[in-house]
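1. just coords:
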Ligand SMILES: NC(=O)C1=CN([C@@H]2O[C@H](COP(=O)(O)OP(=O)(O)OC[C@H]3O[C@@H](n4cnc5c(N)ncnc54)[C@H](OP(=O)(O)O)[C@@H]3O)[C@@H](O)[C@H]2O)C=CC1
Ligand SMILES: O=C(O)C(=O)[C@@H](O)[C@H](O)C(=O)CO
């Protein structure tokens with residue numbers, strides 16, 4: 001399944017790579033590509049761009065069949081730093097271009113317009129095909145769209161059954177942007193939820209598969225679960241042979257309780 005935003009496509013289900021480092025991390029990423037993952041999510045902060053690059057080269061999969069995202073940390077969002085970090089990322093990845101470059105978190109002390117102008121320059125220079133943001137709240141998104149007049153591809157945010165993103169999704173639909181759901185299985189916590197177990201039993205699927213299907217079945221939503229284990233990598237990808245009913249979709253939406261896992265002292269003031 002592909003998601004299409006203004007003519008650009010991305011596989012709806014990608015592989016998160018946080019903490020997939022070293023030889024074991026590289027092996028997990030390589031296994032994931034061999035199983036069929038074609039969308040890989042890394043970040044400078046994860047310290048694994050070299051592993052991602054090696055896994056891509058080992059896979060033998062053509063570069064244009066893969067969608068590779070990286071992200072720049074908020075301390076490095078001044079224009080000169082953006083250009084330097086992007087060059088270093090490409091070097092570590094062993095690529096000429098990434099598919100998507102993201103602002104990893106909003107910076108409090110760097111004008112957003114300057115950062116996004118530098119991102120647009122990276123796009124114009126062909127070092128990234130697309131640009132976007134992550135962890136942007138409604139006001140930050142409005143600011144980004146205002147200052148950049150923007151062709152922002154996505155906002156990558158925490159999204160799983162325990163955290164509603166209805167207002168953000170509504171705003172992003174009007175801007176024709178993709179929501180990339182991080183922590184899509186709430187670090188595995190969905191496995192213990194009775195409702196997800198019951199829906200899963202009906203379809204012969206696990207709670208994680210039901211959750212990932214619920215995400216990608218929504219308009220303009222992609223998801224990037226991570227696993228270090230081959231069996232779970234395969235499980236998380238195996239969600240395209242069934243569909244949830246409208247009632248099942250609504251019931252899962254009903255699990256939202258404002259539970260957020262990624263909340264740090266540098267996080268923005270969340271909308272919820
Ligand atoms: N932009 C941002 O600020 C952020 C982006 N991200 C991105 O999103 C990705 C996903 O988020 P992440 O933190 O990894 O959390 P996830 O929700 O993907 O959960 C990953 C955890 O769940 C376990 N798991 C994986 N599959 C299953 C399954 N089928 N059943 C039960 N447990 C399972 C994994 O353990 P095991 O490895 O043992 O299988 C791992 O501990 C990250 O890897 C990263 O790429 C994440 C956080 C913030
Ligand atoms: O995983 C991410 O993408 C995050 O933004 C955080 O978990 C980050 O990596 C971190 O280290 C927080 O201090």
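-> Received it, and whenever you're ready, just let me know what you need. Keep in mind it's a predicted model, so treat the numbers as computed, not measured. Ligands and ions are numbered 1, 2, ... in the order given.
2. Mind checking what secondary structure the residue nearest the centre of the chain has?
-> For the chain, the residue nearest the mean C-alpha position is residue 180 (4.2 Å; C-alpha atoms, centre = their mean). Under DSSP: H, G, I helix; E, B strand; the rest coil, residue 180 falls in the strand class.
3. my guess is it meets residue 152, correct?
-> No. Checked against C-beta atoms under 8 Å, the pair residue 180 and residue 152 is beyond contact range at 11.9 Å. No exception for glycine: its C-beta is placed from N, CA and C like everyone else's.
4. got a pLDDT number for the residue of the chain found nearest ligand 1?
-> Ranked by C-beta to the nearest ligand atom, the top residue of the chain for proximity to ligand 1 is residue 16, at 2.4 Å. Looking at residue 16, its pLDDT reads 98.
5. Can you name the residues that contact the residue nearest to the centre of the chain?
-> 14, 41, 69, 132, 134, 154-157, 221-224 (C-beta atoms under 8 Å, 6 or more residues apart in numbering).
6. Now do the strands in the stretch 51-200 of the chain.
-> Remark: strands assigned in the stretch 51-200 of the chain by DSSP state E, counting those that start in this stretch are 67-72, 98-103, 128-134, 152-158, 178-182.
7. Which parts of the stretch 101-250 of the chain are helices?
-> Along the stretch 101-250 of the chain, counting by DSSP state H, counting those that start in this stretch, helices occupy 112-124, 138-148, 166-174, 194-203, 207-216, 230-237, 246-253.
8. rewinding a little: how close does the residue of the chain closest to ligand 1 get to residue 59?
-> From residue 16 across to residue 59, the span is 17 Å (C-beta to C-beta, to the nearest Å).
9. repeat for residue 90
-> The value you get for residue 90 to residue 59, if C-beta to C-beta is used, is 18 Å.
10. before we move on, back to that, which one of the helices of the stretch 101-250 of the chain is the most hemmed in?
-> Burial of the helices of the stretch 101-250 of the chain is given as mean neighbour count (mean count of other C-beta atoms under 10 Å); helix 207-216 ranks first at a mean of 25.
11. could you check whether that one is close to ligand 1?
-> Yes. Judged by C-beta under 6 Å from any ligand atom, helix 207-216 comes into contact with ligand 1 through residue 208.
12. So what touches that helix?
-> With C-beta under 8 Å, 6+ apart as the criterion, helix 207-216 contacts 1, 3, 12-13, 159-161, 181, 184-186, 188, 190-193, 196-197, 199-200, 203, 205, 221-223, 225, 232, 235-236, 238-239, 242-244, 248-249, 252.
13. Just the angle for it relative to helix 194-203, thanks.
-> Relative orientation of helix 207-216 versus helix 194-203 (axes from the mean of the first three to the mean of the last three C-alpha atoms, to 10 degrees): 90 degrees.
14. wait, the residue of the chain closest to ligand 1 sits on residue 41?
-> Yes. The pair residue 16 / residue 41 is scored as a contact, 5.1 Å apart, by C-beta under 8 Å.
15. what residues do those two have in common as contacts?
-> Joint contacts of residue 16 and residue 41 (C-beta under 8 Å, 6+ apart) are 182, 224.
16. near ligand 2, which residues of this protein?
-> Counting by C-beta under 6 Å from any ligand atom, the chain sits next to ligand 2 at 18, 43, 45, 104, 262, 264.
17. Dump the helices of the stretch 101-250 of the chain to JSON lines, plus mean pLDDT.
-> As requested, those are exported to JSON lines (pLDDT from 0 to 100):
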{"stretch": "helix 112-124", "mean pLDDT": "97"}
{"stretch": "helix 138-148", "mean pLDDT": "93"}
{"stretch": "helix 166-174", "mean pLDDT": "97"}
{"stretch": "helix 194-203", "mean pLDDT": "98"}
{"stretch": "helix 207-216", "mean pLDDT": "99"}
{"stretch": "helix 230-237", "mean pLDDT": "98"}
{"stretch": "helix 246-253", "mean pLDDT": "98"}
